[in-house]
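>>> following is a predicted model, sequence given first.
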Amino acid sequence: TKGALIVHNVACNEGKTNDGIIKGGTRLVNEMLDVIRSEVGQQGQSQGDSQSIGETVEPPVDVTISMVGNSLGGLYGRYAIAHLSQVLGDLIPNPSEQSSPNNESHHHYLFDGRIRIHLNVFCSTASPHLGCANHTFVPIPRTAEIGVARVIGETGSDLFRLNNLV
């Protein structure tokens, strides 16, 4: 239905937080796109009864995405937004907003040929966007940070800045 609000609690990263921000963010993008496809498909089925039998052209569907992430979820979300823009390709100006072609807020991504995706809000709370290295409550030596990072796995390497991701 037009104007429907769908709140989706992501499940793809439950129990899978040791393999790094890139893998977690990629799983998040895949789940988001699956949910969008599913919801748009369900809306199309409910509206399909009113279409004539010979009609095959489906109208575009507008989807606006807002994302909220807490702690590691905020890091996954930040990566997912960047990865989503790579997966979906170039921004396309909205036909009704031609007067300001350089204003990215009047652009969308095209998904599956007819789903126009608009990015709206990204909010993260208690997310270590600068990593954890040198930002602990009690100062610990770098060698201890490296040890902790190795125990935690790839996510530890990301958070304690043993690579260039964060």
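Arrived safely, thanks for sending.
>>> where in this protein is pLDDT low?
The chain contains residues with pLDDT under 70 at 1-2, 44-56, 96-105.
>>> element containing residue 63?
Using DSSP states H and E, residue 63 sits in strand 61-70.
>>> from the chain's centre, how far out does that strand sit?
Here strand 61-70 shows a centroid-to-chain-centroid distance of 8 Å under the convention C-alpha atoms, centre = their mean, to the nearest Å.
>>> list the neighbouring strands of that strand plus their orientation.
strand 115-125 (parallel) (DSSP bridges).
>>> contacts for the strand it pairs with, please.
For strand 115-125, the external contacting residues (C-beta atoms under 8 Å, 6 or more residues apart in numbering) are 36-37, 40, 60-71, 73-75, 77-78, 81, 84-85, 88, 92, 94, 108-111. (C-beta placed from N, C-alpha, C; glycine too.)
>>> mind running it again at 6 Å?
Residues from elsewhere that reach strand 115-125, judged by C-beta atoms under 6 Å, 6 or more residues apart in numbering: 40, 60-70, 74, 81, 108-109, 111.
>>> please apply the same query to stretch 126-139.
Here stretch 126-139 makes contact (C-beta under 6 Å, 6+ apart) with 70, 71, 74, 75, 145, 159, 160, 161, 166.
>>> mind giving me the PyMOL command for buried ones among the contacts of strand 115-125?
Per 16 or more other C-beta atoms under 10 Å, the buried members of the contacts of strand 115-125 correspond to this PyMOL selection:
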select buried, resi 40+61+63+65+67+69+74+81+108+109+111
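>>> sorry, back to before: can you pick out the most distant pair from the contacts of stretch 126-139?
Spanning the widest gap among the contacts of stretch 126-139 are 70 and 145, at 22.8 Å by C-beta to C-beta.
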